[in-house]
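Q: Here is a sequence with its predicted model. Questions after.
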Number of protein chains: 2
Amino acid sequence: MAGFRFEVLARDARSQARRGRLHTPHGVIETPAFMPVGTRATVKAIGPEALEALGAEIILANTYHLYLRPGTATVAELGGLHGFTTWRRPMLTDSGGFQVFSLAALAMVDDDGVRFRSHLDGAAHRFTPEVATAAQMQLGADIIMAFDQCLGYPAAAEAAEARQAMERTLRWAERCRREWEGAERGAAVRRGNAEPFPQALFGIVQGGAHLDLRAECAERLAALDLPGYAIGGVSVGEPVETASAVVAATAPRLPADKPRYLMGVGTPEDLERYVRMGVDLFDCVLPTRNARNGVLFTSAGKIAIKNARYARDPGPLDAACGCRVCRRFSRAYLRHLYQSGEVLAAMLNTEHNLFHYLDRMRQLRHAVELGGASPHRPAGRATPPEST
Amino acid sequence: MAGFRFEVLARDARSQARRGRLHTPHGVIETPAFMPVGTRATVKAIGPEALEALGAEIILANTYHLYLRPGTATVAELGGLHGFTTWRRPMLTDSGGFQVFSLAALAMVDDDGVRFRSHLDGAAHRFTPEVATAAQMQLGADIIMAFDQCLGYPAAAEAAEARQAMERTLRWAERCRREWEGAERGAAVRRGNAEPFPQALFGIVQGGAHLDLRAECAERLAALDLPGYAIGGVSVGEPVETASAVVAATAPRLPADKPRYLMGVGTPEDLERYVRMGVDLFDCVLPTRNARNGVLFTSAGKIAIKNARYARDPGPLDAACGCRVCRRFSRAYLRHLYQSGEVLAAMLNTEHNLFHYLDRMRQLRHAVELGGASPHRPAGRATPPEST
C-alpha cells in the first residue's frame, strides 16, 4: 500500500520484542511506540509544538468525539485533522466503537450497528461500520480503525457474549474493509488543499477473556490482509493476569510483518511487558490523565505531588529525568501549582509524564537494537528502580 | 537607591506620555509597560519560558494569596519568588490591601491594620503595614507596594469615607517605609542562595472619586520620597469618566522623575488613554481572564471565539497579529478547543491576548520615541481600527 509500510529492523533474542519502523504519509514512526491520546483533536494541556519537541511521532484522536463536535464534515472542510490541528506528523483515529459502548447513553447494538444518544446533548445517532469508516476518512488520519464491539468486564468473561461480539466484530471488519477499499480504489482521500494520501485500515481482535476466541479472531482477521492489527477489549476492568494471557495468546497469531497495536494500555510496566510479547504500538490516557490529577511517573515510581512532604522540597521531580520540567522546576513549586488548581500544573505535569513515557519507549527500542539485551534491562543506561 | 533607577528617555510633544527605562536588580523594564498578573506565583495558563518569549519584562504576584498558600516563609526558603517560580526577570508584589478588602471574609479594618478570615479555610489572620511589608520582603520581588486601604465604588464617592481611607493609607505608607528602610539599612534581602539585592517600595495614592483628596494624597505621599508611586482604587466599579478624571488629577502631581503605576487597569484603550496622562506601568487580569473566557483582543476589536460564525473559519484569529497562535491556528480550531473546554484553549488564548497587550505597549513606546507623534497614532505601523 503506497505511503504505508512496516519494517522489522531487529528482534530481541530473549523475547518476542521487535524494533520496527512504520512509514506513513506524514512521516516515520519508530516502534515500539507510545501514542499520546488527543481525544478531541488535542492532547490535553499540551500544544503541538511542545509535543513535537518531546519527540512524539504519532498522536491519536477519537472519531466518536469529533463526529459529535465539531463534526467530521467540518474537520474535512478544514483540511482534515492535520489541517485542523496543525499537527504535521502521523495520526491515528479510533473508530468510536469503544466510546459508543462506554460513553454514549442508551447504546443499542444489533448486527447492523449501534444506535446511541450523544453524551453532549442526547441527540440520537447511529454508527455502522460504514458510517465509522466514512467518518474516519473525513478526519483523514494516517491510520484508521475498524468499527468493533468492545465488551467490558465481566461481560467479556461470558463465553456466549464474547463469541457474539467477536463474530460481529469480524463481520464489521469486512464491511469496514469494503468501505475503505472502495474509497481507496476510487481516489485517495483529499482534504482541503492538502495533497491526497492513502489511509491504512487496522482490524481489531476481540474475544473477551477467552484465549481460544482471541486466537480464532486473530487468525480470521489476518485473512483480511489489512495493513495492521490491534488487540482491543484489554484494560476494560479485568485482572492483569487475564490481560496478560490475552495478549500472550493473541500477539503471536497476528501477521509477523504487520504492526501490532495494543489499545488503551497502560502503565510503564505494562508497556514493557507487552513489548516483550511483540506489541509495537500503544496508546493510553494514563500519562495525561494522571498528570492532571497530580500523579507523576518518575524513575523511582509514581508520586502524588500534592503530598505535604514536597511542600518545601527544592529538588527536581525526577533527578534522572531530562525533561524541561525536571530541569527547571522544584517539587515545591509543582506542588504549589497543583494545590492552587493552576492551569500550569496540568501543563507541566503533562509535559513531564509524556516525556517519561516517550523516553521509556526510546530505552526499550534501544534495548532491542542491542540485540541480545532484554528490553527491561537497557544496557548502558541507568535502569529505573521499579523495572529491575 | 542601588539596583533601582528610573530614567525618562523621551517625552511626547502632544501629551504627558513618557518613554522611560526602569532598572531593577533583575533587569530593565522599558516603559510604558504592561505587567501580566501572576496572582499565585504563576501567570494563569502560561509558563515562564513562553512569557519570556512574548517579551514580558516584569510580572506581578500577590502577597495576600502567597501569604495564605504556600506561605511567604516557604517562598523565602525556596529562594524567594525568583527561585520559587524560576522567572528570571523583574517582579512586583501587590501588598494584599486590595485582596483583603475584596476577597477575604469578614474584613475588619482599624487604624492598626485589618483582621480577616482566609477565603481558603476561614482561618483568622491580621495584616498590618508591617506584616504586609515583611511578607513582601520574604517574597523578594524587585518592587513591593505599600499596604493601603482601597475603597470600592460607591463607597469611594463618599467624602468622609474617602478621606478616612486616604489618611489611613498615608499613615500606613509611613509605617511601611519605616519597616522597609529598617531592613534595607541592615542588610539587603537575601533569599536562599541568591545574591542579596534591594527592593523598591512604591506608595499608593488613594482618595476615592474626590479629585481634591487625590491631589492631596499624591503630594503628601511624594514627600516620603519613595522610589515610585501608584494610583490605586481605580477600576473598582466607577464610571470611566470618573476614573479618567482621577488619573488626570493625580498623575501630574506625582514626582516627574519617579515611575507611575496605575493599578488594575484596563482595556487596551484605557492603557492608551492613561499613557497619554503620564502613566508608566500597568497591570490587569483582563487579557488573561478574558482569554480563559474565550474573549480575544484583535486589531479589529474584541471577539467571542465561541460565536458560531467561527465554526468553519479557516483564517487566523487576527491576520495583523504576529503571535505564534495567529501564525499557526485557525479560528475554527480555537473555537473547537474553547467549546470542548480543552486546556489548550486557555493556553492559546492567553498567549494571544498577552501578545496583543505587550505588542500595543511596544507600539506606544515607539510612538513616544518618535517624539512629536501622539502615542495613539503610531507612525509607520498599521493603526488598529478601534484606536483611530
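A: Arrived safely, thanks for sending. Computed from a predicted model, the values in this text were never measured in an experiment.
Q: Now residue A:77. Nearest residue, chain neighbours left out?
A: Take residue A:77 and drop its neighbours on the chain: the residue closest to it by Cβ to Cβ, 6 or more residues apart in numbering or on different chains is residue B:312, 6.0 Å away. Quick note: C-beta positions are derived from backbone N, CA and C, even for glycine.
Q: quick one, helices of chain A?
A: Residue ranges of the helices in chain A, as given by DSSP state H, are A:48-54, A:63-68, A:72-77, A:80-85, A:97-102, A:129-139, A:159-186, A:211-222, A:240-250, A:268-276, A:286-292, A:324-328, A:331-339, A:343-369.
Q: now for the fourth one, which elements pack on it?
A: Helix A:80-85 makes packing contacts with strand A:91-94, helix A:129-139, helix B:331-339 when contacts are defined by 3 or more Cβ pairs under 8 Å, 6 or more residues apart in numbering or on different chains; DSSP states H and E.
Q: From the rest of the structure, what touches that helix?
A: Residues outside helix A:80-85 that contact it (Cβ atoms under 8 Å, 6 or more residues apart in numbering or on different chains): A:26, A:38, A:41-42, A:48, A:61, A:66, A:75, A:78, A:87-88, A:91, A:93, A:138-141, A:189, A:191-194, B:330, B:332-333, B:336.
Q: Now do the contacts for the spatially closest residue to residue A:344 that is not a sequence neighbour.
A: Closest residue to residue A:344 apart from its sequence neighbours, by Cβ to Cβ, 6+ apart: residue B:42 at 4.6 Å. By Cβ under 8 Å, 6+ apart, the contact set of residue B:42 is A:337, A:340, A:342, A:344, B:85.
Q: Those residues into CSV, with extra columns for distance to residue A:297 and neighbour count?
A: As requested, those are arranged in CSV below (distance: Cβ to Cβ, whole Å; neighbours: other Cβ atoms under 10 Å in any protein chain shown):
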residue, distance to residue A:297, neighbour count
A:337, 18, 24
A:340, 22, 19
A:342, 20, 20
A:344, 19, 26
B:85, 24, 26
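Q: among those residues, which two are most distant?
A: Greatest spacing in the contacts of residue B:42, by Cβ to Cβ: A:340 and B:85 (12.3 Å).
Q: follow-up on the earlier one: verify the stated contact: the residue nearest to residue A:77 with residue B:332.
A: Yes. The criterion here is Cβ atoms under 8 Å, and residue B:312 meets it with residue B:332 at 5.6 Å.
Q: ok, back up a step: for the residue nearest to residue A:77, give me its contacts.
A: Residue B:312 makes contact with A:74, A:77, A:78, B:332 under the criterion Cβ under 8 Å, 6+ apart.
Q: And the furthest pair within these?
A: A:77 and B:332 (8.7 Å).
Q: Which one's more surrounded, those two?
A: Using other Cβ atoms under 10 Å in any protein chain shown, the more surrounded residue of residue A:77 and residue B:332 is residue B:332, with 23 against 18.
Q: Contacts only, for the more buried one.
A: Applying Cβ under 8 Å, 6+ apart, we find residue B:332 in contact with A:70, A:74, A:78, A:84, B:310, B:311, B:312, B:313, B:314.
Q: returning to what we had before: going through the contacts of helix A:80-85, which ones are buried?
A: For the contacts of helix A:80-85, a burial check counting by 16 or more other Cβ atoms under 10 Å in any protein chain shown picks out A:26, A:38, A:41-42, A:48, A:61, A:66, A:75, A:78, A:87, A:91, A:93, A:138-141, A:189, A:191, B:330, B:332-333, B:336.
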